[in-house]
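Trainee: I would like the atomic coordinates for the input below:
(3 chains)
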Amino acid sequence: MSVFEGFRFRKVSSAIHNLDPRVKFFYVCILFVMAILFTKLLALVVLFFVPLPFVFMARVKRQWLRSLRGAAFLAVFIFATNFIFGYFYPTAFQEITPPIDTLVEYLVLLERAAAMTLRFVVLIASFSVFFLTTSPDHLGLALQQSHVPYEFCFAFTTAVRFVPVLADEAQTIMDAQKARGLELERGNLIKRVRNYIPILIPLIVNAIRRSLELAESMESRAWGASKKRTNLYSLKLKRADYLLVVVSVLMLIIAVYVWLYVPIPSLTALLSL
Amino acid sequence: MAVIETRDLTYTYPGATNPSIKDVSVTINKGDFVILTGPSGCGKTSLCRCFNGLIPHFYNGKLEGEIVVAGLNVVDHKIYQIARHVGLVFQNPENQLFALSVEKDVAFGLENFAMPRNEMRKRVDWALQMAGITELSERPPHELSGGQQQRVAIASVLAMQPDIMILDEPTSFLDPVGAQKIFEVINELNKKLGITIILVEHRLDLAAKYANSVIVMDEGKVILNGTPREIFTSEEARLIGVGIPKATRLYQQLKQHGIQLKNVPVTTEEIANLLREVLKHD
Amino acid sequence: MIEAKDLHFTYPTGLEALRGINLTVDDGEFLAVMGQNGAGKTTLVKHFNGLLKPTKGEVLVNGVNTRDVSVAKLARNVGFVFQNPDHQLFSETVEDEVAFALKNFGFEEVVIEKQVDWALNLLDITQYRKTSPFMLSGGERKRVALASILAWDPQVIILDEPTIGQDYQQKEKLQQFILQLNAQKKTVVIVTHDVEFVAECNPRVILMSQGKILAEGIAEKILTNQKLVAQASIVSPQITQIFLELADLGLPTDVIDVHEATKILLARLRDRR
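Mentor: Residues are numbered from 1 along each chain as shown, chains lettered A, B, ... in the order given. Below is the predicted model of the structure:
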């Protein structure tokens, strides 16, 4: 499950961690838009380096790299699909005409596929930084202050709270059934799927029982007493947050300008000159 | 002054053929420390849920008889209205904590009451202090031990400043040392803050010394209701299978063999003192 | 026979749970593993059926190294009853539940039927044969779980915290049941922090603290040793505490049982007369 490590929040104190999640999300959305705007490899390479200062400031380099590693499999798949698609339907891309036979044309196709792959990686990289530096309760708070109904925010934070509990429980259930002779690795595909029934049923039943107990506890602590709840914490935008907003908007303006008026050369063109 | 009064209370869960509580009539006074005990399935958990309104409002089913808690008729008031006066701490600490930090959990009830933030902050800090867990305020519940989690649960109920606190087997999952700590916290709440306590427990060895009243239930009915000394020496309690404290059992065994101690002991200190008298005098 | 030789175990998270355990459990023994929560009790017994394998040192069950066999194989001889029956119940009927392990071990239909009948009868739950285990009360579910482990008649039975949530009568029944199993030459290992329960049974006790064995011996000697009790952060049985207060009057300090206590006191008082 190490690919998920690239998205799990770690409690570290850094300037990035302290930024308001709404602002961070805005920034990630801008990156998203910019990644969609550009199709040229050079532009996307530039975009790839944009989240890097954040990664280093937040000291989440190792986990961030893990998210990239997790994305690697899908990235290869995207690269292959784009390459093959481009090979058979080159008119989809404006620069080359069929049939593909010169080296230059292959390079253009490669560059195209690499650009699409890099776009995907940029998206993963940006979201990874977001999730790595935003604690789930900060996220829940951001949702709440963004006027998402409290029931959803509560459901979200409670679900996150119980993830480690459910993981432990799943392990205990597996142990209990293994101790009764259940062998999870044996047998053909069908048998293996059936072997998971003694694991899933207790897990689900206990989850339901747990929610009932939680509901009792919530009711007993006056759930629903007021139409508008107050909150122990509140997110306040600070100077750093405004700075990030300004930076993001500037980035977007520059990007749109470049997209409209600055022709970005392809790497192949640069190299063959 | 009575804070809880029930008269012929009878309750049947939806779909059940037999009532879980039958003709229960009890009076609990302000400042009491009541131990509610009895064999598994005797109805004590159901009775607790009547005291804070979960029965009948959460569980539905058929509730007959009268029940008045903190001056409110339970049937006519919503659970959140009763929650201003009655707090309920459940058996499993894990399933009572739903926030990602301890202090957020403690604030939960206050947030529901729409308390202003600075008042809430003071209340949360106070509750954490009373439960002895101030240093844990920012920790996530998953990292805490069972005993710590249970203290968070108590703090989160305490923060709402109820007049009555009900604790349903709060030490089930704790070892004896952890259980002892919890009972001490609960006792402080009773003796220092005057909160009426209703404690459902099997481990009478550890809890008996704090109570001034014991109610024993069996098969939905209240069989015994009196002081700890009265209850623990009664034949009926022994027959029902209540876990009588060892100190009282020793007293009874000696009595059977002709040695009568001056008083009925409930704690180890009490019987040690009584034995000392008898052994020295001879 | 179960042997642990210089057993070390560290969880993947880095927690060093067992730090050099040397232990022998003889056939037919009744053993209580005690210590406060977190001392390593459950971690230790999970090595006896191979659920956990040592990170250093070894565990031998009837001469077989647990590293060399699967959990299913070890489970044939070592039955493990988990603390929470809801972690294993998943079948449509109690009958199916009790038969589960027997089916996993490949017993013949005829044998399975016989064993199921026997186990249901033993735990006094024959009347629930066709009932769904989820419809039963807590205590009944515990009995179903126990029956499902005893069904294949393992030589060793491990019970993890069997007294939690049990009322006085249920504990008495459990005590009688364990003594019955022991009388049938079964090895019984219980993990518990319930000092009073152990005082009533007076088994051999292994006292653990912080991953090591502090002491072992008969309950009478271990639970009355104040130094050990303090070191392990447990409490002495109530009777012991009473006699401890009267130690200056020359009363023995190693009493744990009510009847024994009565006898001693009566003898003392009659002496004086």
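Trainee: and the helices in the stretch 1-150 of chain A?
Mentor: Assigned by DSSP state H, counting those that start in this stretch, the stretch 1-150 of chain A shows helices spanning A:2-5, A:21-37, A:41-49, A:52-57, A:61-88, A:103-133, A:136-145, A:150-178.
Trainee: output the below-cut-off pLDDT ranges for the stretch 151-273 of chain C.
Mentor: C:272-273 (pLDDT under 70).
Trainee: let's verify the residue in it positioned nearest to chain A: helix, strand, or coil?
Mentor: Proximity of the stretch 151-273 of chain C to chain A (Cβ to the nearest Cβ) peaks at C:W152, 8.0 Å away. Every C-beta, even on glycine, is put in place using the N, C-alpha and C of the backbone. With DSSP: H, G, I helix; E, B strand; the rest coil as the basis, C:W152 sits in coil.
Trainee: gap between the residue nearest to B:L128 when sequence neighbours are not counted and A:V129?
Mentor: In space, and not counting its chain neighbours, B:L128 is closest to B:T134: 4.7 Å by Cβ to Cβ, 6 or more residues apart in numbering or on different chains. B:T134 is 34 Å from A:V129, where distance means Cβ to Cβ, to the nearest Å.
Trainee: so who does the residue of the stretch 151-273 of chain C closest to chain A touch?
Mentor: Contact analysis of C:W152 by Cβ atoms under 8 Å, 6 or more residues apart in numbering or on different chains lists A:181, C:76, C:79, C:101-102, C:105, C:107, C:115.
Trainee: just the ones of the residues you listed in helices?
Mentor: The helices, defined by DSSP state H, take in C:101-102, C:115 from the contacts of C:W152.
Trainee: from those, which would you call buried?
Mentor: C:101-102, C:115 (16 or more other Cβ atoms under 10 Å in any protein chain shown).
Trainee: now, which of those sits nearest chain A?
Mentor: Using Cβ to the nearest Cβ, those come closest to chain A at C:A101, 4.0 Å.
Trainee: for that closest one, what are its contacts?
Mentor: C:A101 neighbours (Cβ under 8 Å, 6+ apart): A:180-181, C:75, C:148-149, C:151-152.
Trainee: in space, what's closest to it - neighbours in sequence excluded?
Mentor: Closest to C:A101 by Cβ to Cβ, 6+ apart is A:R180, at 4.0 Å.
Trainee: and that neighbour, how many neighbours does it have?
Mentor: 26 (other Cβ atoms under 10 Å in any protein chain shown).
Trainee: wouldn't it be in contact with C:I149 here?
Mentor: Yes. Taking Cβ atoms under 8 Å as the definition, A:R180 is a contact partner of C:I149 at 7.2 Å.
Trainee: how near is the closest residue to C:E16 other than its chain neighbours to chain A?
Mentor: Leaving aside its chain neighbours, C:E16 sits nearest to C:T10 (4.9 Å; criterion: Cβ to Cβ, 6+ apart). Counting by Cβ to the nearest Cβ, to the nearest Å, the gap from C:T10 to chain A is 16 Å.
Trainee: C:T10 reaches C:P54, doesn't it?
Mentor: No. Contact criterion Cβ under 8 Å: C:T10 and C:P54 do not qualify, at 9.7 Å.
Trainee: can you list the domains in chain C?
Mentor: Domains of chain C are assigned by automatic domain parsing as C:2-228, C:237-273.
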